[in-house]
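# Got a predicted structure here, sequence first:
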Amino acid sequence: MSVEVFYTAHEHPQLHATKPPGPSVRCILRYLAEGGANFVFHILPRTSDDALPPALEGRVLRLRKDLPHVQSAKEQAEAFQRHFEPLFAPQHLVQPELIALGDGFSSLVNASLATLERSAGRDTHSLSRHETYALLLADMTFNAPCTGFQMKPKWLAPSPSAPHGAKRCRTCALRASRVAHQRSTPTDAQAFCPLMLVSDDPRDRETAAKMVTSCPVLQRFLTYDASSLFSTLREGQTTFDPRGVLALTADASAVNELCKAMTLRDCTLFARHTSHGPVEARLADLDLKQPAKLPQWAKIEQTLTEQGWYTNEEDPQHWSRELMCQLSRGVKGV
Ligand SMILES: O=P(O)(O)O[C@@H]1[C@@H](OP(=O)(O)O)[C@H](OP(=O)(O)O)[C@H](O)[C@H](OP(=O)(O)O)[C@H]1OP(=O)(O)O
Ligand SMILES: Nc1ncnc2c1ncn2[C@@H]1O[C@H](COP(=O)(O)OP(=O)(O)OP(=O)(O)O)[C@@H](O)[C@H]1O
């Protein structure tokens with residue numbers, strides 16, 4: 001699905017649905033992917049003879065979905081700057097930049113999205129007609145000879161809500177419960193325990209790395225060089241959520257901290273490298289989660305505990321010995 005739009009930068013960068021008065025650059029938005037909360041588009045020149053304006057070169061456009069739990073692009077950018085940018089080195093982040101949207105932009109893109117075959121469950125999602133901004137992000141896709149990967153590190157420490165003697169971390173427990181119901185997400189398909197990424201034993205880290213990528217350089221990066229990045233992620237997850245959602249007080253600042261921890265538990269790591277170049281690794285999708293999700297997070301913890309997923313004591317009909325999780329091997333990883 002592609003749609004033609006117009007870029008101007010008179011006062012500030014802006015994308016228009018129709019040609020505005022004065023000079024503008026035509027460009028093409030091509031659907032790349034979508035998650036639960038956002039659409040992502042490649043930005044291309046109109047023809048191979050045209051060039052993109054420097055501000056759009058090497059960028060993708062992220063447009064937020066019209067869903068109640070999704071913040072506006074401006075709120076996303078502000079929350080990123082306030083809460084997450086200070087935690088990581090700039091070279092390890094995908095920095096969002098705001099770009100304004102002209103009248104009719106969302107309707108134009110929505111009409112194009114309607115022509116696209118999208119995954120069931122998400123095919124009704126559309127752009128908010130009231131949104132006036134989108135985000136420009138570094139394009140982290142990669143093409144040969146460049147190799148790369150995208151993965152979610154997820155929960156790098158055991159859930160503080162899990163019962164004593166848990167044999168599964170939050171990610172492994174949720175994966176096991178979904179497998180029992182014949183469900184699997186891309187995170188489940190990663191098929192390693194996140195605690196392995198932060199294990200003291202490099203052999204564990206290497207095993208996880210091999211599940212992420214077949215590229216030896218990127219495996220080495222994940223096993224050794226990414227350790228401080230994963231440690232910072234884990235520290236944020238545990239510092240902002242020391243007691244777990246079930247022990248949460250109504251205190252607004254505790255709720256906000258939990259939302260930060262949950263954001264750090266659901267971000268994406270992109271990494272890539274060319275044959276002789278260094279590895280470029282950046283965290284993305286650091287959109288502050290919203291308190292509206294609290295009941296859902298609490299429900300997940302309750303279910304994982306009550307149905308025995310944490311302790312590997314699930315219903316015999318679904319039971320299988322946990323082999324993947326570090327906790328089942330008696331390794332704490334924290
Ligand atoms: O609850 P989880 O751990 O399964 O995480 C959800 C993710 O599932 P995953 O396990 O990574 O496949 C889920 O990812 P998918 O849609 O399955 O790719 C979303 O990221 C969801 O966040 P949001 O509702 O889009 O804000 C994520 O929800 P929360 O991070 O708000 O819990
Ligand atoms: N900067 C980027 N460069 C290349 N591809 C990207 C980039 N950002 C996102 N994508 C692609 O678009 C997909 C959806 O983007 P994103 O994770 O931002 O959406 P989301 O709705 O916030 O996701 P989630 O469902 O995890 O909440 C990603 O999984 C990835 O494949």
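Good, I have the coordinates. This one's a predicted model, so the numbers in the text were calculated from it and none came from an experiment. Ligands and ions are numbered 1, 2, ... in the order given.

# Shouldn't R282 be within a strand?
Yes: judged by DSSP: H, G, I helix; E, B strand; the rest coil, R282 forms part of a strand.

# so what pLDDT did it get?
Confidence at R282, expressed as pLDDT, is 97.

# again, but for the one 4 residues further on
According to the model's per-residue confidence, L286 sits at a pLDDT of 96.

# Settle this for me: it is touching F84, isn't it.
Yes: using C-beta atoms under 8 Å, L286 is in contact with F84, at 4.2 Å. (Glycine included, C-beta is placed from N, CA and C.)

# Comparing the two, which shows the higher neighbour count?
The neighbour count for L286 versus F84, taken as other C-beta atoms under 10 Å, is higher for L286 (22 against 19).

# ends of stretch 191-210, how far apart?
Length of stretch 191-210, first residue to last, C-alpha to C-alpha, to the nearest Å: 11 Å.

# Indicate whether it makes contact with ligand 1.
No: Stretch 191-210 is not in contact with ligand 1 by C-beta under 6 Å from any ligand atom; minimum separation 10.4 Å.

# which parts of that stretch are buried?
192-199, 204-209 (16 or more other C-beta atoms under 10 Å).

# For T141, see how far away T171 is.
Per C-beta to C-beta, to the nearest Å, T171 is found 25 Å from T141.

# Which strand or helix spans L233?
Here L233, judged by DSSP states H and E, is contained in helix 227-240.

# just to revisit the earlier point, the more surrounded of T171 and T141?
Counting neighbours by other C-beta under 10 Å for T171 and for T141 shows that T171 has the greater number, 25 against 14.

# Other residues contacting stretch 169-184?
154-155, 157-159, 162, 166, 168, 185, 187-188, 193-195, 265, 300, 303-304, 307, 309-310, 312, 314-315, 318, 320, 322, 324-328, 333 (C-beta atoms under 8 Å, 6 or more residues apart in numbering).

# low-scoring stretches of the stretch 201-334 of the chain, by residue?
331-334 (pLDDT under 70).

# Just name whatever secondary elements the helix or strand following the helix holding L233 is in contact with.
Using DSSP H and E, the helix or strand that follows helix 227-240 in sequence is helix 252-264. Packing partners of helix 252-264 (3 or more C-beta pairs under 8 Å, 6 or more residues apart in numbering; DSSP states H and E): helix 227-240, helix 294-306.

# okay, these in TSV with distance to ligand 1 next?
Shown next, in TSV, are these (distance: least, C-beta to the nearest ligand atom, whole Å):
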stretch	distance to ligand 1
helix 227-240	11
helix 294-306	6
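
# For those, state which one has the densest average packing.
helix 227-240 (a mean of 18; mean count of other C-beta atoms under 10 Å).

# Now do it and helix 252-264, the angle between them.
Helix 227-240 and helix 252-264 are oriented at 150 degrees to each other (axes from the mean of the first three to the mean of the last three C-alpha atoms, to 10 degrees).

# Contacts for helix 227-240 next, please.
Against helix 227-240 from outside (C-beta under 8 Å, 6+ apart): 87-88, 92, 153, 155-157, 160, 197-198, 205, 257-258, 260-261, 264-265, 267, 269, 281, 283, 334.

# Give me the buried positions along the longest strand anywhere in the chain.
Selection of the longest strand in the chain by residue count, based on DSSP state E, yields strand 25-34. Of the residues in strand 25-34, V25, C27, I28, L29, Y31, E34 count as buried by neighbour count, 16+ other C-beta under 10 Å.

# quick one on the thing from earlier: please indicate which of the contacts of helix 227-240 are buried?
87-88, 92, 153, 155-157, 160, 197-198, 205, 257-258, 260-261, 264-265, 267, 269, 281, 283.

# how about D285, what does it touch?
Contacts of D285 by C-beta under 8 Å, 6+ apart are G35, D266, C267, T268.

# ok so, going back, report whether the longest strand of the chain contacts ligand 1.
No: Strand 25-34 lies apart from ligand 1 when judged by C-beta under 6 Å from any ligand atom; the minimum separation is 9.4 Å.

# Please name every helix or strand in contact with that strand.
Strand 25-34 sits against strand 2-8, strand 38-45, helix 105-113, with contacts defined as 3+ C-beta pairs under 8 Å, 6+ apart.

# quick one: contacts for the residue in the chain that ligand 2 sits nearest to?
When distances are taken as C-beta to the nearest ligand atom, the chain reaches nearest to ligand 2 at G35, 2.0 Å away. By C-beta under 8 Å, 6+ apart, the residues touching G35 are D285.

# Same check on Y133?
Y133 neighbours (C-beta under 8 Å, 6+ apart): S72, A73, K74, A77, L98, I99, A100, L101.

# Neighbour-wise, give me the winner out of the residues you listed.
Using other C-beta under 10 Å as the neighbour criterion, A73 leads those with 24 neighbours.

# So that residue is in contact with L137, correct?
No: contact criterion C-beta under 8 Å: A73 and L137 do not qualify, at 11.1 Å.
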